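Peer 1: mind folding the following:
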Amino acid sequence: MPFAFAGIWEAWHNPEDGKEVDSCTIITTDANELMKAIHDRMPVILPASAYDRWLDPDAKPETLQGLLGPYKAKDLEAYPVSTYVNSPKNQGPKCLEPAQA
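Peer 2: Next comes the predicted model:
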């Protein structure tokens, strides 16, 4: 099932050359129980019910704070994948295939 990460973006002018820069970041949080075995942080995964609230340009930061916690571990699955995923040129279902033992 598709999901969305919480992120922020901004367009700003580089003070060194005056050029406009578009920048973005994915927000992270503490790892849930499933992810702790892999890393101590994980992306903030937004439930579908929060998409409109997160994308509302008039939303106050304090109303979004509650969305920034770890996603429910029971709703995620983790398994090893091959090093095929290490290249950004590789796309598609093969990236999701479990690694061969």
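
Peer 1: quick one: residues contacting the closest residue in space to residue 41 that isn't next to it in sequence.
Peer 2: Leaving out its chain neighbours, the residue that sits closest to residue 41 by C-beta to C-beta, 6 or more residues apart in numbering is residue 28, at 4.5 Å. For every residue, glycine as well, the C-beta is placed using N, CA and C. Contact analysis of residue 28 by C-beta atoms under 8 Å, 6 or more residues apart in numbering lists 41-44.

Peer 1: distance of residue 34 from residue 78?
Peer 2: As for residue 34, its distance to residue 78 is 6 Å (criterion: C-beta to C-beta, to the nearest Å).

Peer 1: where do the helices of this protein begin and end?
Peer 2: 51-55, 61-64 (DSSP state H).

Peer 1: low-confidence ranges, this structure, go.
Peer 2: 1 (pLDDT under 70).

Peer 1: mind listing the strands for it?
Peer 2: 4-5, 7-13, 20-26, 28-30, 41-43, 45-46 (DSSP state E).

Peer 1: quick one: closest of the ones you listed to residue 57.
Peer 2: Each of these has some distance to residue 57 by C-beta to C-beta; the shortest is strand 7-13, at 11.6 Å.

Peer 1: other SSEs contacting the closest one?
Peer 2: When contacts are defined as 3 or more C-beta pairs under 8 Å, 6 or more residues apart in numbering; DSSP states H and E, strand 7-13 packs onto strand 20-26.

Peer 1: re earlier: among the helices of the chain, which is the most enclosed?
Peer 2: helix 51-55 (a mean of 12; mean count of other C-beta atoms under 10 Å).

Peer 1: who wins for proximity to residue 13 among the helices of the chain?
Peer 2: Closest to residue 13 of the helices of the chain is helix 61-64 (C-beta to C-beta; 23.4 Å).

Peer 1: pull out the buried positions in stretch 12-23.
Peer 2: Buried positions in stretch 12-23, judged by neighbour count with 16 or more other C-beta atoms under 10 Å: none.

Peer 1: with that, I have no additional questions.
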